[in-house]
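1. Quick one: sequence and predicted model below, then my questions.
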Amino acid sequence: MILTARLTATAALLLLIAAVPVPVLRYRNRDFAAEDIGLAEAAVASPGGLLLIPGFLLTVACAVLAWFAWRSRVWGWLAGTASLLLLGGAISTVWAAGSMVIMWDGFDEERGLPIGGMEVPEPSWGLGIVGLAAIVLAIGAITWLFRHPGSRSRR
């Protein structure tokens, strides 16, 4: 069980680190590619997105505790909490995508008409990576908490 905790916590941390440069919300129109929303920007884009920050920090703590510290059932509860925070932040980021609209306008000189449009970001691979990290961490938490129901770790 210790190996499972170590591997799942490390895998979740590596997945979150890998999600940092990948957009979590992406505009379909690639003219706005520079405006794609990354993990750090999504974390502060909505009140629920702020859950990604403590979720990331608890994932770091779980990885460190799994490798270098005394492990009790508390580790399982921390990992489960981190997983829930990451999932909540990811879901909130999807809901907040509607508020990250880019509206543009212009003028068609050939026809003499005003033109314009609106771009709404869509979930991208980065959000899937965050979700996968949350699932991996939840698997580690569940296996750790239910390895021996009601028993305590001696280490």
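-> Thanks, I have it.
2. All the helices of this structure, residue numbers only.
-> For the chain, the helices defined by DSSP state H cover 2-19, 39-43, 52-68, 73-95, 125-145.
3. Would you mind putting those into TSV with distance to residue 112, mean pLDDT and mean neighbour count alongside?
-> Glycine gets a C-beta too; all of them are placed from N, C-alpha and C. As requested, those are arranged in TSV below (distance: least, Cβ to Cβ, whole Å; pLDDT from 0 to 100; neighbours: other Cβ atoms under 10 Å):
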stretch	distance to residue 112	mean pLDDT	mean neighbour count
helix 2-19	47	92	19
helix 39-43	38	87	20
helix 52-68	47	93	19
helix 73-95	40	93	21
helix 125-145	42	94	21
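4. As a markdown table, those helices with distance to residue 107 would be great.
-> What follows is the helices of the chain, written out as a markdown table (distance: least, Cβ to Cβ, whole Å):
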| stretch | distance to residue 107 |
| --- | --- |
| helix 2-19 | 40 |
| helix 39-43 | 31 |
| helix 52-68 | 40 |
| helix 73-95 | 34 |
| helix 125-145 | 36 |
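5. Looking at those helices, which is nearest to residue 103?
-> helix 39-43 (18.7 Å; Cβ to Cβ).
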